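Enquirer: generate coordinates for the sequence data below:
(4 chains)
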Protein chains: 2
Amino acid sequence: MSSDPEPLPDARTRLASAALDAFAAKGFHGTTTRDIAAAAGMSPAALYVHHPSKEALLHELALVGHAQVLALVEEAAVSVPESDPVGQLARVVEDFVRHHARAHLGARVVNYELSALTEDHLAEIQAIRHGIDVVVRGIIERGVAAGVLHTPDPHMTTLAMLSLGIDVARWYREEGAWSPDDVAVHYRGLALRMVGAA
Amino acid sequence: MSSDPEPLPDARTRLASAALDAFAAKGFHGTTTRDIAAAAGMSPAALYVHHPSKEALLHELALVGHAQVLALVEEAAVSVPESDPVGQLARVVEDFVRHHARAHLGARVVNYELSALTEDHLAEIQAIRHGIDVVVRGIIERGVAAGVLHTPDPHMTTLAMLSLGIDVARWYREEGAWSPDDVAVHYRGLALRMVGAA
DNA sequence: TGATTGACTAAGCGCTTGCTTACCATGGCT
DNA sequence: AGCCATGGTAAGCAAGCGCTTAGTCAATCA
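Expert: Okay, the predicted model is just below:
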């Protein structure tokens, strides 16, 4: 008897990461259960020992991925005092962008395959996305109120800032010249200038 | 006998726009030839009278869509004198963003379904994308040389600027509070501040 | 007028899909 | 020893896939 209430055996993880790679490369509908099973070194039927359906696998990936990003954003925000919105924003953007470069395959699935989810599962994910938006918008709005950030529309600027980070997952390549840190640092500068805080 | 060397009958256009809507909503692999034909009001076989394959349909949409964007960017660039890189950049970003909001369904297909193309067709599209990048990077590099734009890495900044516009196609909704013009104008401001030109 | 052409459809072919069934091997518990 | 839970497989089912075939029909042309 393990102390883990929900044991995550190796095969389950292997299936999930095989699915992540395949979904990122060919999309949810372009990936077959046979692709996933083969990449995890199992027969197609083994997938159903661990996950009830292909969609459930996507849902789990999306849920974990979004939860990670929300946690990352919240941690970045509280790691800098609330009295320093510029510092908070710098930290959030840097960490957000670094994550989307470093984990670009996962981030791709998480951001571009949502339309394959069931209505219920999609709604669950949207709620987490809203949470991320709230944290970032809060920082920007407090910065504007304090006179250290400047934008005519904090709502749209928040969207643009997150958008900039998310899209890194689309274009980032490991073989390229830039490390995740390179991109994160550069984007932090862009973001700060966008709100007149550089 | 028409003067048109290649007559584009109505049905062909209807199929293309039905495909565009379907690909944008459910992705290339999530869309069936029966979906497309039904939306165009025809039998599945009629699709093959006008297009040799489902992939060829995607290729045509991608080609036309990319050509439009390249033309739009080039026209925006030459509509402002070369001696004014700030004005050129403002105009390019504004037009680029407006297009990605206004034609967000088409832009979605054009940017997010490329992996479903054959190798040859993809290479053709990448060449056009490179052309777009060259125009925008040229403006930024000349602006930096002239001392009116500022960025430590014109290459990455160009990428970020295009990325910002492209991602509009992912999140833009007609039902939202913002018109394509609203987004275009706001993003123009963000872009100029990103390169210290506001 | 009769032949030809071009757009279209009903039917369906061969294959692949997501998922299920029936079964098997192993290892820990009583 | 006997049992059964766990995690796996081989085989295959029903449905759906991209695409083809064979043929219809209206407009065009010699």
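Enquirer: switch to C-alpha atoms for all contacts and neighbour counts from now on
Expert: Will do.
Enquirer: tell me the helices in chain A, going along the chain?
Expert: A:10-26, A:33-39, A:47-50, A:54-78, A:85-102, A:104-112, A:119-146, A:154-171, A:180-194 (DSSP state H).
Enquirer: quick one: distance of the longest one to the chain centre.
Expert: If I follow you right, that is helix A:119-146. The chain centre lies 13 Å from the centre of helix A:119-146; the measure is C-alpha atoms, centre = their mean, to the nearest Å.
Enquirer: report whether that helix contacts chain B.
Expert: No - Helix A:119-146 lies out of reach of chain B by C-alpha under 8 Å from any C-alpha of the partner chain, never closer than 12.3 Å.
Enquirer: in that helix, what counts as buried?
Expert: By neighbour count on 16 or more other C-alpha atoms under 10 Å in any protein chain shown, the buried set for helix A:119-146 is A:121-122, A:125, A:128, A:131-133, A:135-144.
Enquirer: so which elements touch that helix?
Expert: In terms of contacts (3 or more C-alpha pairs under 8 Å, 6 or more residues apart in numbering or on different chains; DSSP states H and E), helix A:119-146 is packed against helix A:54-78, helix A:85-102, helix A:154-171.
Enquirer: who does the first one touch, helix- and strand-wise?
Expert: If contacts are counted by 3+ C-alpha pairs under 8 Å, 6+ apart, helix A:54-78 sits against helix A:10-26, helix A:85-102, helix A:104-112, helix A:119-146.
Enquirer: which one of those lies closest to residue B:20?
Expert: With C-alpha to C-alpha as the criterion, residue B:20 lies closest to helix A:104-112 of these, at 17.1 Å.
Enquirer: any idea of the mean pLDDT for that closest one?
Expert: Across helix A:104-112, pLDDT averages out at 98.
Enquirer: and if you look at stretch A:57-66?
Expert: 98.
Enquirer: which residue sits closest to residue A:103, ignoring its sequence neighbours?
Expert: In space, and not counting its chain neighbours, residue A:103 is closest to residue A:169: 7.7 Å by C-alpha to C-alpha, 6 or more residues apart in numbering or on different chains.
Enquirer: thinking again about what came up before, format the helices and strands packed on helix A:119-146 as a markdown table; extra columns: mean neighbour count and distance to residue B:154.
Expert: A markdown table is the format used below for the helices and strands packed on helix A:119-146 (neighbours: other C-alpha atoms under 10 Å in any protein chain shown; distance: least, C-alpha to C-alpha, whole Å):
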| stretch | mean neighbour count | distance to residue B:154 |
| --- | --- | --- |
| helix A:54-78 | 18 | 28 |
| helix A:85-102 | 24 | 18 |
| helix A:154-171 | 22 | 16 |
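Enquirer: closest to DNA strand D out of these?
Expert: Nearest to DNA strand D among the helices and strands packed on helix A:119-146 is helix A:54-78 (14.1 Å), distances taken as C-alpha to the nearest atom of the strand.
Enquirer: does that closest one reach DNA strand D?
Expert: No - using C-alpha under 7 Å from any atom of the strand, helix A:54-78 stays clear of DNA strand D, with a minimum separation of 14.1 Å.
Enquirer: next, count neighbours for the residue nearest to residue A:198 when sequence neighbours are not counted.
Expert: Nearest residue to residue A:198, sequence neighbours excluded (C-alpha to C-alpha, 6+ apart): residue A:192, at 5.5 Å. When neighbours are counted by other C-alpha atoms under 10 Å in any protein chain shown, residue A:192 registers 21.
Enquirer: gap between residue A:192 and residue A:161?
Expert: Look at residue A:192 and residue A:161: by C-alpha to C-alpha, to the nearest Å, they are 10 Å apart.
Enquirer: would you list the phi and psi of residue A:80?
Expert: According to degrees, to the nearest 10, the main-chain angles of residue A:80 amount to phi -130, psi 140.
Enquirer: sweet, I'm off.
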